[in-house]
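Engineer: What shape does this take:
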Amino acid sequence: MPEALALIPAAGFGTRFHDAGPKALVLLAGKPLLLHALERLAASGRVSRAIVAAAAGYDDAFRSALASSPLPYVLCEGGVTRRDSVANALRASGATGEELVLIHDAARPLVDPEEVGAVVGEGARTGAAVAAFSLVNTLKRVHSGKVVETVPRHEYVST
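Structural biologist: Residues are numbered from 1 along each chain as shown. Alright, predicted model coming up:
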């Protein structure tokens, strides 16, 4: 059963969290979002280690948050954008191109371990995979402040 290296962008500061610091360190049920995410990735049985792209200047806070990490991890500096953070994590991973890589945002702590396993398995089989879910919300196309169309949601998925 193939395993993946997890790249975890965790450098974001959410404006909706009202200056609470890095989103990844916000507590949910007494634990940082990042730790919840790593626990669920580990529970999948398909992730071997993690590279966490952390917010600059918060290394001690991230190490403290990860004191009970179920996965071996390395911290690297996150970037200005999510893309930059993923690139930094990939460089820090030392991955050779032969290793399967999984990217999972630290601010998405409640990922289903079975879904992680399915994505890793499909990625190993086909070379790439993404978790996607059918939309449940109604989508409207708006132009100049007016609704011009109800978009057929069956044509779209959310990732």
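
Engineer: Okay, now the unreliable bits of this protein?
Structural biologist: With pLDDT under 70 as the threshold, the chain has low-confidence stretches at 15-20.

Engineer: Need the residue closest to the centroid of it.
Structural biologist: Taking C-alpha atoms, centre = their mean, the centroid of the chain lies closest to Asp105, which sits 1.7 Å from it.

Engineer: Now do the helices in the chain.
Structural biologist: Ranges of helices in the chain, per DSSP state H, are 33-43, 59-65, 82-93, 113-126.

Engineer: So which bits of the last one are buried?
Structural biologist: Going back to what we said before, that points to helix 113-126. Pro113, Val116, Gly117, Val119, Val120, Gly121, Gly123 (16 or more other C-beta atoms under 10 Å). Placement of C-beta: from N, CA and C, glycine included.

Engineer: got the angle for that helix vs helix 33-43?
Structural biologist: 60 degrees (axes from the mean of the first three to the mean of the last three C-alpha atoms, to 10 degrees).

Engineer: follow-up on the earlier one: please name the residues that touch the residue nearest to the centre of the chain.
Structural biologist: Going by C-beta atoms under 8 Å, 6 or more residues apart in numbering, Asp105 touches Ile8, Pro9, Ala10, Ala37, Arg82.

Engineer: For the fourth one, which non-adjacent residue is closest in space?
Structural biologist: What that stands for is Ala37. Excluding its sequence neighbours, the residue lying closest to Ala37 (C-beta to C-beta, 6 or more residues apart in numbering) is Pro109, at 4.6 Å.

Engineer: before we move on, what about the last one?
Structural biologist: Computed as C-beta to C-beta, 6+ apart, the closest residue to Arg82 that is not its neighbour in sequence is Pro9, at 5.0 Å.

Engineer: can you count the residues close to the one you found?
Structural biologist: 26 (other C-beta atoms under 10 Å).

Engineer: my read: it touches Ala87, true?
Structural biologist: No - using C-beta atoms under 8 Å, Pro9 is not in contact with Ala87, being 9.8 Å away.
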